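# Need coordinates for the following:
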Amino acid sequence: MFQRIVVAYNESPASERALAAAIRLATALKAELHTVTVITDLPAYTVYAGAIDASISRVLKEDRVKLHEQLREKARTFAESHGFEVQTHLVEGGPVEAIIEFLRESKADLLVVGLHQRDLYIARLWNNVFELAQDAPCSVLGVH
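Alright, predicted model coming up:
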């Protein structure tokens, strides 16, 4: 049924739950498992900081890359602790657009996303999940 499963992975507890569910599903289906982590553009206000010190943008980008590399390693370690191998990917761009492009390029069968518990940012988060579900070229599974 599903041969290539992709998990949208970030630093949230919801994405960790999604990864755990995807590992169980991939194990049962003997499917490939991938994570995709998105590095978004720096906030617009960093331009002002760059006017004071030109190296700030470079340092902030390096810090973001380092953080996202740590997330990739965390996903790998978590999967290995459950006896499963995961391939991790880092993409740049808007969260929805970058994931959709990755799904198309990787020919994914299923996207697994973590659904956030109700919080102050639910409207924004739900919009990303809704957009992913509408535009994904594959099935989408939301995990609580």
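
# Run through the strands of this protein in chain order.
For the chain, the strands defined by DSSP state E cover 4-8, 32-39, 87-92, 110-114, 139-143.

# out of those, nearest to residue 25?
strand 4-8 (6.4 Å; Cβ to Cβ). For glycine as for every other residue, the C-beta is placed from the backbone atoms N, C-alpha and C.

# Could I get the average pLDDT for that closest one?
For strand 4-8, the mean pLDDT works out to 97.

# Give the other helices and strands that that strand contacts.
helix 13-29, strand 32-39, helix 95-106, strand 110-114 (3 or more Cβ pairs under 8 Å, 6 or more residues apart in numbering; DSSP states H and E).

# Go through the third one and flag the buried ones.
Spelled out, that is helix 95-106. 95-96, 98-100, 102-103, 106 (16 or more other Cβ atoms under 10 Å).

# will you turn these into CSV that also has distance to residue 114 and pLDDT?
What follows is these, written out as CSV (distance: Cβ to Cβ, whole Å; pLDDT from 0 to 100):
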residue, distance to residue 114, pLDDT
95, 13, 90
96, 15, 94
98, 17, 96
99, 13, 96
100, 17, 97
102, 17, 97
103, 16, 98
106, 19, 97
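
# Now distance to residue 79 too, for those residues, in a markdown table please.
What follows is these, written out as a markdown table (distance: Cβ to Cβ, whole Å):
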| residue | distance to residue 79 |
| --- | --- |
| 95 | 22 |
| 96 | 24 |
| 98 | 21 |
| 99 | 19 |
| 100 | 23 |
| 102 | 18 |
| 103 | 19 |
| 106 | 17 |
